[in-house]
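**Q** sequence and predicted structure below; questions after.
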Amino acid sequence: LSEGINAGQGLGIEIIATFQLVLCVLATTDRRRNDVSGSAPLAIGLSVALGHLLAIDYTGCGINPARSFGSALIANNFENHWIFWVGPIIGGVSAALIYDFILAPRSSDLTDRMKVWTSGQVEEYDLEGDDMNSRVEMKPK
């Protein structure tokens, strides 16, 4: 963390930076959306650049626990390292829940969608394919 940034502020910055990146990835790669045009990799790359431009001066902009762990391991500095694990986890999960339940909800009702936490949504997808060597894709029935 930079000088003058406490652990709470650093955690908030990591949550926000990861949130905007994961939300961008979900929105640009969602196959259910037909209004997305342009380049998904370009949008994701610009989102990573935005996160770094805004957060690098304060926390070094981890947004990826593996990237933060490698740097901490090389520098042998694990002070406040938990921020770079907890922040991206909270930011990523928050973005996924907000996208999936608020911004682009599926057509099935909430109780059916909550079953994924207990038993998965196997009944909603057709995994049977004619050619066993072809790529398996999960398609709604």
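**A** Everything's here; your move.
**Q** quick one, longest helix in the protein?
**A** helix 7-29 (DSSP state H).
**Q** which strands and helices sit next to it?
**A** In terms of contact count using 3 or more Cβ pairs under 8 Å, 6 or more residues apart in numbering; DSSP states H and E, helix 7-29 is assigned the packing partners helix 40-55, helix 83-98. The way it works is simple: take the backbone N, C-alpha and C, and place the C-beta from them, glycine included.
**Q** need the contact list for Asn64.
**A** When the contact criterion is Cβ atoms under 8 Å, 6 or more residues apart in numbering, the partners of Asn64 are Pro88.
**Q** any figure for the gap between it and Leu73?
**A** Taken as Cβ to Cβ, to the nearest Å, the spacing of Asn64 relative to Leu73 amounts to 14 Å.
**Q** before we move on, back to that, Leu21 is nearest to which of the helices and strands packed on helix 7-29?
**A** Leu21 lies closest to helix 40-55 among these, at 5.1 Å (Cβ to Cβ).
**Q** CA atoms only for the helix or strand following that closest one, dumped as PDB, please.
**A** Toward the C-terminus, helix 40-55 is succeeded by helix 65-75 as the next helix or strand (DSSP states H and E). Output in PDB follows, covering the C-alpha atoms of helix 65-75 (Å, rounded to 0.1, in the frame of the first residue of the first chain):
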ATOM      1  CA  PRO A  65      -4.300 -12.500  -6.400                       C
ATOM      2  CA  ALA A  66      -1.800 -14.600  -8.400                       C
ATOM      3  CA  ARG A  67      -0.100 -11.400  -9.700                       C
ATOM      4  CA  SER A  68       0.000 -10.000  -6.200                       C
ATOM      5  CA  PHE A  69       1.400 -13.200  -4.700                       C
ATOM      6  CA  GLY A  70       4.200 -13.400  -7.200                       C
ATOM      7  CA  SER A  71       5.300  -9.800  -6.500                       C
ATOM      8  CA  ALA A  72       5.100 -10.400  -2.700                       C
ATOM      9  CA  LEU A  73       7.000 -13.600  -3.000                       C
ATOM     10  CA  ILE A  74       9.900 -12.000  -5.000                       C
ATOM     11  CA  ALA A  75      10.000  -9.000  -2.700                       C
END
